[in-house]
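Chemist: based on what follows, work out the 3D shape:
(one chain, ligands or ions: 1)
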Amino acid sequence: MKYLGRLAPTPTGHLHLGHALTFFMAQRRASDADGRILLRMEDLDPQRCSEEFARAAIDDLLWMGLEWSGEPIFQSQRRHFYLEAWRRLKEGGFIYPCHRSRREISSLAPHEEEPVFPVEWRADPREAKFYNEPAGVNWRFKVPDGESISFMDQNIGPLKKNTLRDFGDFLVWNRHDIPAYELAVVVDDMDMGITEVVRGADLLTSTARQILIYRALGASPPAWFHCPLVCDSEGRRLAKRTGGLSLRDLRAEGFTPEQVLDLAKESLP
Ligand code: GLU
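Modeler: Sure thing, here's the model as predicted:
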C-alpha cells in the first residue's frame, strides 16, 4: 500500500512552532516512504474556526515549503460523510444521546482539561431509536468497560489506554449539530485512505478513542506517529499560548523556514 499522510490543522488561530515541527515530520515520513500527503482543514466548528485563519494557515504552510497533493479539503464541506457514520454507529448500538451538560461534567473535576465521563451517567443506546437526526442532543460513544486499548506508536513504541480510567464515553456529535473531532477524523482518514497519522502527542488518548470508532465501523486503523510537544521557555505547551511564537510573528521577524524548524527542535522538552 502506498504511503498517504495528511496535514490536518484546525483554523482556530495561527500556526505555531508545534505545527511546524509536526508538519515537517509528516512531510519527511511521506517522502522517506516515497508517498504523498493531503491537506485537510478541520474547520467544523463555525464558532471557533475562521476562513481567515484557514487562509493564513495555507499561506504559512506554503512559506514553509510544504507540498501536498490536490486541493485543500475542508471538513465543513463533508457533513454527509459524518452523518452517514453517525447513522451506522447509531444503528449498531455504539452511541447514545447524552443529556448531561458540559458544566455538570467539568464540575466533577474542575481542574482537569477533560474529566472522564462517569459510567453511571451513561444512557441506554436503545434511546437512540427516537432520533432520526443528531441535532439537539450530545451523542456519546459507549466504550467497552475497562478494556485496555493497545497500539504501536511508530515514534514512542507500544502504548495502552484504559477505556474507563483514561477517557470514558466520548462525544461523537454535539448538541449544536457539529460532528465531534474524533468522529470526523476517523471518517476522513478512512475515506481518504490515510496509511499513517502523524500528529502531536497531545492526541494520544484520542488515538485510543479513534481505534474504537474504527472497530465499530469495521475498518482497520492506520499507523500512528505522535510527535513530541513543543514548549515555550516556561515549559508550557504552545497550543495553550501562541503569542510571539506563531509562524506569522517569526516570519515578520525575518526567520527563514530552516530557522523556524531549528527553533522548534530546540523547544522540545
Ligand atoms: N486538527 C487537529 C489539531 O490541529 C489535529 C488532528 C489530527 O491530526 O488528527 O490539533
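Chemist: and residue 212, that's in a strand?
Modeler: No - counting by DSSP: H, G, I helix; E, B strand; the rest coil, residue 212 is not part of a strand but helix.
Chemist: measure it to residue 103 for me?
Modeler: Counting by C-beta to C-beta, to the nearest Å, the gap from residue 212 to residue 103 is 26 Å. (C-beta placed from N, C-alpha, C; glycine too.)
Chemist: the two - which one has more neighbours?
Modeler: For residue 212 against residue 103, the residue with the higher neighbour count under other C-beta atoms under 10 Å is residue 212, and the figures read 22 against 7.
Chemist: in this structure that one contacts residue 149, no?
Modeler: Yes - using C-beta atoms under 8 Å, residue 212 is in contact with residue 149, at 6.9 Å.
Chemist: intersection of neighbour lists for those two?
Modeler: Common contacts of residue 212 and residue 149 (C-beta atoms under 8 Å, 6 or more residues apart in numbering): residue 163.
Chemist: where does pLDDT dip in the stretch 151-269 of the chain?
Modeler: Applying pLDDT under 70 to the stretch 151-269 of the chain flags residues 238-244.
Chemist: tell me which parts of it are close to the ligand?
Modeler: 185, 197, 199, 203 (C-beta under 6 Å from any ligand atom).
Chemist: inside helices: which ones of the residues you listed?
Modeler: Judged by DSSP state H, helices contain the following of these: residue 185.
Chemist: neighbour-wise, which of the residues of the stretch 151-269 of the chain next to the ligand leads?
Modeler: So for these (other C-beta under 10 Å), the most neighbours sit at residue 185, 25 neighbours.
Chemist: helix, strand, or coil at residue 248?
Modeler: With three-state DSSP as the basis, residue 248 sits in helix.
Chemist: excluding chain neighbours, what is closest to residue 67?
Modeler: Leaving aside its chain neighbours, residue 67 sits nearest to residue 27 (7.5 Å; criterion: C-beta to C-beta, 6 or more residues apart in numbering).
Chemist: hmm, back to that, so which of the residues of the stretch 151-269 of the chain next to the ligand comes closest to residue 167?
Modeler: Closest approach to residue 167 among those (C-beta to C-beta): residue 203, at 11.9 Å.
Chemist: residue 227 is in contact with that closest one, correct?
Modeler: No - counting by C-beta under 8 Å, residue 203 stays clear of residue 227, with 9.9 Å between them.
Chemist: what are the phi and psi values at residue 120?
Modeler: When read as degrees, to the nearest 10, the backbone of residue 120 gives phi -70, psi -20.
Chemist: what's the separation between it and the ligand?
Modeler: Look at residue 120 and the ligand: by C-beta to the nearest ligand atom, to the nearest Å, they are 30 Å apart.
Chemist: ok, now which ones touch that residue?
Modeler: By C-beta under 8 Å, 6+ apart, the contact list for residue 120 is empty.
Chemist: ok, now how distant is it from residue 104?
Modeler: Noted for residue 120: a distance of 12 Å to residue 104, by C-beta to C-beta.
Chemist: so which strand or helix has residue 152?
Modeler: Per DSSP states H and E, residue 152 falls inside strand 148-153.
Chemist: packing partners of that strand?
Modeler: Where contact means 3 or more C-beta pairs under 8 Å, 6 or more residues apart in numbering; DSSP states H and E, strand 148-153 is packed against strand 157-162, helix 204-216, strand 223-227.
Chemist: can you list the strands that the first one pairs with?
Modeler: Paired with strand 157-162 in the same sheet, following DSSP bridges, are strand 148-153 (antiparallel).
Chemist: run through who's touching the partner strand.
Modeler: 158-163, 204, 207-208, 211-212, 221, 223-226.
Chemist: between those, which is nearest residue 179?
Modeler: Ranked by distance to residue 179 (C-beta to C-beta), those are led by residue 212 at 16.0 Å.
Chemist: identify the residues contacting that closest one.
Modeler: By C-beta under 8 Å, 6+ apart, the contact set of residue 212 is 141, 143, 144, 149, 163.
Chemist: bridging residues for the fourth one?
Modeler: Think residue 149. Beta-bridge partners of residue 149, as defined by DSSP bridges: residue 161.
Chemist: buried sites along stretch 193-212?
Modeler: The neighbour-count check on stretch 193-212 (16 or more other C-beta atoms under 10 Å) flags 194-200, 203-204, 206-212 as buried.
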